[in-house]
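> here is my input, please return the structure:
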Amino acid sequence: MKTPDPNGWLDTGNESTKAPRRQAELRIGIVLWPGFPLLSLAGLCDALRHAADLGDRSRQVRCTWRVLGLEGESVLASSGISVPVQEAFSSTFDFDYLAVIGGLLPQISRVSRRYPRYLKDAAQAGIPLIGICTGSFVLALHGLLTQRVACVHPFHVEDWKAAYPEQAFVTNTDYHIDHDRITCAGGISIIELAAELTRRHCGAGTSAKVIHQMTVAPRKSSGHIARRQALGYISTDKEKLRQVVVLMEKNLSPPLEIGVIARLVNSSTRQLGRAFIAETGLSPSDYYRTLRLKYGRWLLTTSDTPVNEIAFECGFADASHFIRHFRTQFGMAPGRLRQAFALTATQETASSRSA
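Predicted structure coming up:
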């Protein structure tokens, strides 16, 4: 007997199942600049594809996306592949976001004037704009990032400083949301942004499906295993359990419900519980909480982030819950651990100077 899957998280649905008729919950228009990176377009569209339909049938049901531009034209990617425009610019902005994927910097200004005019018309109509990769440069060039903070890829930081010395930016994050402007570093960062947008519009379960479909490798990766071992996470040969752990790692805040995770890996809560007890001695919920606490401990010792912010970063409702569980797990309060770590670091520095 199949496990019911009313929300379509799994890829085991019957091909004859008809998608419900409804307006898409997330609609994105895409504008390509000459020399755009194909990975950014593919990452955005594939993430939306996984979120859009039941299972893996790729129909544009819950999400829609289309490439906008001048009718009959194609835009050449930096890889030399040409992508045709699917729909001509119009005055009807029937989407939730307009995403511009920037291209090679020397070509930023080499577009028809109708392209920047369309971005400005969309902004004036109240459509939030997304700048992907050097799309942040496009938005800044045309005055669409005024009093906004942009996310810039580390590779382009010096270019940004030279072109827009007065424009605020961040570079230590995958994306940055500043009211009605969203900027993304590009590359695989677009998957993280797409997952966040699907979470906001389609729910946490759909967002988790995107991450699961696009980032859980079907076979063990030595790099991934090494990272998990370095952080103290388990390494297991049981593929389904490994996929669950990766889902937990990807969704520390807010944490997913165990029932959702079980459905994502085509299991039941009871089966998952037995597997975790056998492998780790902990229930899935206890293991998940321990993982989040380990992440909190890492943040305490590697940053000056306030404890209350770390609590939310680790998926706890408030600082008091985090502190209580942290003390139970590690035998001391977060503040005391941070003080002890800072004292040890100071002593080691003093010792090395006197040596």
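> and the next helix or strand past the helix or strand bottoming out on mean pLDDT in the chain?
Within the chain, no helix or strand scores below helix 222-230, which has a mean of 40 by mean pLDDT, DSSP states H and E. Next along the chain after helix 222-230, taking DSSP states H and E as the criterion, comes helix 239-250.
> measure how buried Thr171 is and give me the count.
Using other CB atoms under 10 Å, Thr171 has 15 neighbouring residues. All C-beta atoms are positioned from the backbone trio N, CA, C, and that covers glycine.
> actually Gln86, not the one I typed
Residues lying near Gln86 (other CB under 10 Å) number 12.
> relative to Gly69, how far out is it?
Gln86 sits 8 Å away from Gly69, going by CB to CB, to the nearest Å.
> for Ser40, same thing?
Using CB to CB, Ser40 is found at 16 Å from Gly69.
> those two: who's more crowded?
Counted by other CB under 10 Å, Ser40 and Gly69 do not tie: Ser40 has more neighbours, with 27 against 23.
> give me the contacts around stretch 103-122.
29, 31-37, 68-70, 78, 89, 91, 93, 98, 100, 102, 129, 134, 137-139, 141-142, 144, 156, 159 (CB atoms under 8 Å, 6 or more residues apart in numbering).
> are any of these buried, and which?
29, 31-37, 68-69, 78, 89, 93, 98, 100, 102, 129, 134, 137-139, 141-142, 144, 156 (16 or more other CB atoms under 10 Å).
> show me these that map onto strands.
Assigned to strands by DSSP state E, the following of these qualify: 29, 31-32, 68-69, 98, 100, 129.
> now compare these and name the two farthest from each other.
Spatial extent of these (CB to CB) is set by the pair Gly69 and Leu129 at 15.8 Å.
> OK, contacts around Leu193?
By CB under 8 Å, 6+ apart, the contact list for Leu193 reads 44, 130, 132, 174-175, 182, 184.
> and with 6 Å instead?
The neighbours of Leu193, taking CB atoms under 6 Å, 6 or more residues apart in numbering as the test, are 175, 184.
> next one: Pro284
The contact partners of Pro284, by CB under 6 Å, 6+ apart, come to 258, 272, 276.
> next one, pLDDT for it please.
At Pro284, the pLDDT value in this model is 94.
> check Val260 too.
pLDDT, read off for Val260, is 87.
> which element, helix or strand, includes it?
helix 258-264.
> equivalent analysis for Arg327, please.
Assigned by DSSP H and E, Arg327 belongs to helix 319-330.
> which elements pack onto that helix?
The contact analysis (3 or more CB pairs under 6 Å, 6 or more residues apart in numbering; DSSP states H and E) places helix 319-330 against helix 307-313.
> which stretches of the chain have low pLDDT?
Filtered on pLDDT under 70, the chain yields the residue ranges 1-22, 54-56, 212, 215-237, 345-355.
> and Ala317, how far from Phe137?
When CB to CB is applied, the distance between Ala317 and Phe137 equals 40 Å.
> picking up where we left off before, so what's the gap between the helix holding Arg327 and the chain middle?
Here helix 319-330 is found 27 Å from its chain centre; the criterion is CA atoms, centre = their mean, to the nearest Å.
> tell me which residues in it are buried?
Buried residues in helix 319-330, counted by 16+ other CB under 10 Å: 319, 322-323, 325-326, 330.
> show me where the stretch 51-200 of the chain has strands.
Using DSSP state E, counting those that start in this stretch, the strands of the stretch 51-200 of the chain run over residues 63-69, 74-76, 82-84, 87-88, 97-101, 129-132, 150-151, 169-170, 175-178, 181-184.
> closest to Ala208 out of these?
Taking CB to CB, strand 63-69 is the member of those nearest to Ala208, at 15.0 Å.
> packing partners for the closest one?
Against strand 63-69 (3+ CB pairs under 6 Å, 6+ apart) you get strand 26-32, helix 38-52.
> the spatially most central residue of the chain: what's it in contact with?
When the chain is reduced to its mean C-alpha position, the closest residue under CA atoms, centre = their mean turns out to be Glu192, at 1.4 Å. Counting by CB under 6 Å, 6+ apart, Glu192 makes contact with Asp174.
> let's go with 10 Å and repeat that
Contact analysis of Glu192 by CB atoms under 10 Å, 6 or more residues apart in numbering lists 43, 47, 173-175, 184-185, 210-211, 215, 250.
> next, count neighbours for Ile30.
As a burial measure, Ile30 scores 27 neighbours (other CB under 10 Å).
> and for Arg336?
For Arg336, the neighbour count with other CB under 10 Å is 13.
> before we move on, what about the one 3 residues further on?
Neighbour count of Gln339, defined by other CB under 10 Å: 12.
> which secondary structure element contains it?
For Gln339, the host element (DSSP H and E) is helix 334-354.
> the nearest residue to Thr134 once chain neighbours are set aside and Pro34, how far apart?
Closest residue to Thr134 apart from its sequence neighbours, by CB to CB, 6 or more residues apart in numbering: Gly102 at 3.0 Å. For Gly102, the distance to Pro34 equals 10 Å [CB to CB].
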